[in-house]
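Peer 1: Need a 3D model of the sequence below.
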Amino acid sequence: DRVMVMTTSEFGRRVRENGSGGTDHGNGGLQFVFGPAVSGGVVHGEYGLGSLDDGDIPLAIDTRSVYQAALEWVGGDGAADGVFENAPARLTI
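Peer 2: Now for the predicted structure:
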């Protein structure tokens, strides 16, 4: 059996608290991909709390790269061809 689980969010969070003690929507986010056939321990991109972009974690990886890798894992090489207007960089999961 082939199983892969991918978590994602449509927005990240800002690093600093807002006036009500929470955090506002921001640029950088994260995704997790896991399952028996996923290369465990692989991290793509880094976050730098010392180099914020106007209070946001800078973008490091195009989210579409993760979607493309997942589509090709499910459907084989080329399964994501034509899905995105501009093909994102390839990732290995």
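Peer 1: so where do the helices sit in this protein?
Peer 2: Taking DSSP state H as the test, the helices found in the chain are 63-75.
Peer 1: So which elements touch the lowest-mean-pLDDT helix or strand in it?
Peer 2: Lowest by mean pLDDT, DSSP states H and E among the helices and strands of the chain is strand 12-13, with a mean of 84. Contact analysis of strand 12-13 by 3 or more CB pairs under 8 Å, 6 or more residues apart in numbering; DSSP states H and E lists strand 25-26 as its packing neighbours. From N, CA and C alone the C-beta is placed, and that goes for glycine too.
Peer 1: need the strands for the protein, in chain order.
Peer 2: Ranges of strands within the chain are 5-7, 12-13, 25-26, 32-34, based on DSSP state E.
Peer 1: which of those has the lowest average pLDDT?
Peer 2: Sorting the strands of the chain by mean pLDDT places strand 12-13 lowest, at a mean of 84.
Peer 1: Contacts for that strand, please.
Peer 2: 23-30, 56-57 (CB atoms under 8 Å, 6 or more residues apart in numbering).
Peer 1: Can you turn the buried part of those into a ChimeraX selection?
Peer 2: Burial among the contacts of strand 12-13 is assessed by 16 or more other CB atoms under 10 Å; the matching ChimeraX selection reads:
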select :26,27,28,29,56,57
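Peer 1: least confident pick among the contacts of strand 12-13?
Peer 2: Minimum pLDDT across the contacts of strand 12-13 falls on Gly28, with 76.
Peer 1: is it true that Leu91 touches Ile61?
Peer 2: Yes: Leu91 is within contact range of Ile61, at 7.3 Å (criterion: CB atoms under 8 Å).
Peer 1: what sits in contact with each of those two?
Peer 2: In contact with both Leu91 and Ile61: His44, using CB under 8 Å, 6+ apart.
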